[in-house]
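# sharing a model prediction with you, sequence too.
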Amino acid sequence: MISTLRAAVVSIAVFTLTLGLAYPLLSTVAAGVIAPNGSKGSLIERDGEAVGSRLIGQSFAGHPEYFQSRPSQSGYSADATFFSNAGPNGRDTFKAIDANAKRYLKREGPFTPGLTRADIPPSAVMTSASGVDPEISPEDARIQAHRVAAERKAPLQDVLALVDRHTSGRALGILGDPAVNVLELNLDLDQEYPR
């Protein structure tokens, strides 16, 4: 009985040290060596201070001089990412998309004459699966560029050039869709045209 108890205690100690301490420490060190930026959350720093993550969207609501992120089901909370489980034909989904489209037209319409619901890119009114997607479609960014240029008193062509510069292509040339990282675009916008 004592030998069985001793074996159990030794096993618990060995596995606790190995799997609870050594393995996580080794994984952390390896991640820091292999992907130093990614292992730290892909943080973007300005003047030595973290202003956000390249991988997590954030709200710019109430700041018309900035490009706006796509809608978020979780309020851009990275610690509670989730999506709506409402079906694509459900009433709740329809109401959410309708409200987002009305908000979009109210925000962008005055700066883009002739803008209609049919012109709104789907990603501008639909949440992403995570709720914290950091990117918008190039089509959305090009529509928003009119408002941003007017608010910043910047030439539209210059703002559109910034959008083009921040448009990433498809991964491996075939995966995903082209996208624009909102935080990176807004930070460059602040560099080019300070508020």
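Received, thanks.

# contacts and neighbour counts: CA atoms only from here.
OK.

# quick one: mean pLDDT over the helix ranked longest in the chain.
The residue-count maximum for a helix in the chain (DSSP state H) belongs to helix 91-108. What helix 91-108 shows for mean pLDDT is 91.

# state the distance from the residue most central in space within the chain to Leu175.
Centroid-nearest residue in the chain: Pro134, 1.5 Å away (criterion: Cα atoms, centre = their mean). Using Cα to Cα, to the nearest Å, Pro134 is found at 17 Å from Leu175.

# do Ala129 as well
17 Å.

# with neighbour numbers in mind, choose between these two.
Neighbours per residue (other Cα atoms under 10 Å) separate Ala129 from Leu175, with Ala129 holding more: 14 against 9.

# surely that one is in a strand?
No. With DSSP: H, G, I helix; E, B strand; the rest coil as the criterion, Ala129 is located in coil rather than a strand.

# now Met126, what are its backbone angles?
The phi/psi pair for Met126 (degrees, to the nearest 10) reads phi -110, psi 140.

# what sits against it?
For Met126, the contacting residues are 70-71, 97, 100, by Cα atoms under 8 Å, 6 or more residues apart in numbering.

# show me where the protein has its strands.
All strands of the chain, identified by DSSP state E, fall at 43-46, 49-53, 135-136, 167-168, 179-181.

# out of those strands, which comes closest to Ala30?
Closest to Ala30 of the strands of the chain, according to Cα to Cα: strand 43-46, at 18.5 Å.
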